[in-house]
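Predicted model, plus sequence, below.
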Amino acid sequence: MSKTWAKCLNTLKDTIPLATFSVWVQPLKAIEDETNLSLLAPNTSVLNYVNKNLKKEIKSSIAQHNKKLKVYIGVSPKPTGEPQSVKQHSTPLFPEYTFDNLVLGNANQMAYGATRQIAENIKTSPYNPFIIYGESGLGKTHLMQAAGHLAQEKNPNIKVIYVPLMDFVRNITTSLRHNTIENIKTYYQSADLLLVDDVHLIAGKEKSQEEFFHIFNFLFNTKKQIIFTCDQPPKNIKSLEERLKTRFSQGLNLHLTPPELEMRAAILLKKAHNIKININLTEDTALFIAGHITSNVRDLEGALLKLKAFVDFSKIDHSFITKDVIESALGDLIKPQVKNIDINDIQKETAKHYAITVSDLSSKSRKQHTVLARQMAIFISHELTTLSLTKIGKHFGNRDHSTVLHANKKIKKRVLEEAEIKSDYELIKLKLANL
């Protein structure tokens, strides 16, 4: 990688939102010589976004580290012919599960930092064993395998072994049947980095736990790195030997939580650029989908594939993927959920959106911006709560029934006629739906 661009990435990561950095900046490939720095986007969608929204920040960052370089931003040329295969140690890592393909956000930032630190310092990291735990579909396997890819990139001679836990159990069972248990133990003990997926599934399997304990001890005592994924904190796994619980807990255990709204939208945008998907989502449409699908990354991927199939089979131009198209494609997935919303939450989100205080909403201020925010909060309160107009008025500085009615009529009309007001209204409701 270009040394200048590597420094710029560190700078940009601190100056722009993490989601923006992951989706639009990280995919850029840099080629540097004495006078030029070329940044190549994987496709035109990324190129257009970078030129429109990030070009100034990128050029400023490059100038900060090397003023002499001329900057060119373009698209990577399509490969011609068959790519040359690079011989690496044979490990069943998914090629797409790399750090470059990972979208960062509050939900995974700490786990990302720890995983990367481990991958860069396989023999000296203090975080051993490292266990990433959380619900299914949150990206635990992606993070773990990304460590394997980076470790091999740093040192091609390193031996990485990745094994789903049930494959490990089958290997132990087979080796016991054929009296080759020492061979299988020697194989796992030869790893410099052992990656075990879904380690909680070893619960209740006494012989597998016995052999796993010996393999773990050998690797730990010989300073080899171990990374596991799990669906719960190791100490909570039932039918797991206490000695294994103790050893698992002595390392670093990090909880991976569901992605927040902005991170889900960023994941959709990044995956939409994938050559297998390749559909044109805008930030607004990504937010719209992300606002309704809140569970995990796999559900987001499923929604994206469903949308692609609908668009392709209906022969819809990709540049015309509107919210109406998304509603038709995803059906029940994005039907609004009935949810009790507290009027205090509506006031907080509306005030935050318009960059004013909650007390401003109840004040006597007649500033145009404040009046708009107040009327919007009243309108949404009437729509999402069961409070009467009189009770809503009391929450907004004891305003009377007629004032609340006027605010409702005013915003309802403006939402229909003004795109900016409609966008404000939809975004505030989206935030409320994800509280």
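Here it is on my side, so go on. Numbers count the residues shown, from 1 in each chain.

burial count for residue 11?
A count of neighbours around residue 11, defined by other C-beta atoms under 10 Å, yields 16. C-beta: built from backbone N, CA, C; applies to glycine.

same check, this time on residue 47
Residues near residue 47, counting by other C-beta under 10 Å, number 19.

and residue 405, what does it touch?
Neighbour list for residue 405: residue 389 [criterion: C-beta atoms under 8 Å, 6 or more residues apart in numbering].

With the one 4 residues further on instead?
Under the criterion of C-beta under 8 Å, 6+ apart, residue 409 has no contact partners.

Show me where the chain dips below the pLDDT cut-off.
Low-confidence segments of the chain (pLDDT under 70): 1, 78-91, 318-319, 334-340, 434-435.

redo that, cut-off 50
Flagging of the chain using pLDDT under 50 yields the residue ranges 81-90, 338.

So which bits of stretch 276-285 are buried?
277, 279, 281, 283, 285 (16 or more other C-beta atoms under 10 Å).

Over to stretch 190-197?
For stretch 190-197, burial by neighbour count (16+ other C-beta under 10 Å) applies to 191-197.

TSV please, covering these and showing distance to residue 293 and secondary structure.
Listed next are the buried residues of stretch 190-197 as TSV, based on distance: C-beta to C-beta, whole Å; DSSP: H, G, I helix; E, B strand; the rest coil:
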residue	distance to residue 293	secondary structure
191	37	coil
192	39	coil
193	34	strand
194	34	strand
195	28	strand
196	30	strand
197	24	strand
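
nearest to residue 67, of the residues you listed?
Residue 67 lies nearest to residue 193 out of the buried residues of stretch 190-197, by C-beta to C-beta, at 40.5 Å.

which residues does that closest one contact?
122, 147-148, 151, 158-161, 224-227.

Go again with 10 Å.
91, 118-119, 122-123, 144, 147-148, 151-152, 155, 158-162, 219, 224-227 (C-beta atoms under 10 Å, 6 or more residues apart in numbering).

Filter these down to just the ones in strands.
Among the contacts of residue 193, the members falling in strands (DSSP state E) are 160-162, 225-227.

Who wins on neighbours among these?
The most crowded member of those, judged by other C-beta under 10 Å, is residue 227 (30 neighbours).

my guess is it contacts residue 144, does it?
Yes - taking C-beta atoms under 10 Å as the definition, residue 227 is a contact partner of residue 144 at 5.2 Å.

between those two, what contacts are shared?
Looking at what touches both residue 227 and residue 144 (by C-beta under 10 Å, 6+ apart), the common residues are 115, 118-119, 130-132, 162, 193, 195-197.

would JSON lines of these with distance to residue 305 be doable?
Shown next, in JSON lines, are the shared contacts of residue 227 and residue 144 (distance: C-beta to C-beta, whole Å):
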{"residue": "115", "distance to residue 305": "27"}
{"residue": "118", "distance to residue 305": "32"}
{"residue": "119", "distance to residue 305": "30"}
{"residue": "130", "distance to residue 305": "32"}
{"residue": "131", "distance to residue 305": "31"}
{"residue": "132", "distance to residue 305": "25"}
{"residue": "162", "distance to residue 305": "25"}
{"residue": "193", "distance to residue 305": "32"}
{"residue": "195", "distance to residue 305": "27"}
{"residue": "196", "distance to residue 305": "29"}
{"residue": "197", "distance to residue 305": "23"}
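
Which one of the buried residues of stretch 276-285 is nearest to residue 355?
Among the buried residues of stretch 276-285, residue 283 lies closest to residue 355 (C-beta to C-beta), at 19.5 Å.

picking that back up, what's the ChimeraX syntax to select whichever of the contacts of residue 193 are buried?
A single ChimeraX command selects the buried members of the contacts of residue 193 (16+ other C-beta under 10 Å):
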select :91,118,119,122,144,147,148,151,152,158,159,160,161,162,219,224,225,226,227
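
show me the contacts for the residue nearest the centre of the chain.
Nearest residue to the geometric centre of the chain (C-alpha atoms, centre = their mean): residue 103, 4.2 Å. Counting by C-beta under 10 Å, 6+ apart, residue 103 touches 18-19, 21-23, 26, 112, 139, 142, 259, 263-271, 297.

Mind checking which of those residues are in helices?
18-19, 112, 142, 263-271, 297 (DSSP state H).

What helix or strand is the residue nearest to the centre of the chain located in?
Applying DSSP states H and E as the criterion places residue 103 outside every helix and strand.

roughly how far apart are it and residue 21?
Using C-beta to C-beta, to the nearest Å, residue 103 is found at 9 Å from residue 21.

Overlap of the contact sets of the two?
Joint contacts of residue 103 and residue 21 (C-beta under 10 Å, 6+ apart) are residue 266.

returning to what we had before: need the ones in strands among the contacts of residue 193 in CSV (columns: distance to residue 40).
Shown next, in CSV, are those (distance: C-beta to C-beta, whole Å):
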residue, distance to residue 40
160, 29
161, 34
162, 30
225, 33
226, 37
227, 32
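
Filter the ones in helices among the contacts of residue 103 down to the buried ones and hand me the PyMOL line.
Typed into PyMOL, the next command selects the buried ones out of the ones in helices among the contacts of residue 103 (criterion: 16+ other C-beta under 10 Å):
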select buried, resi 18+19+112+142+263+264+265+266+267+268+269+270+271+297
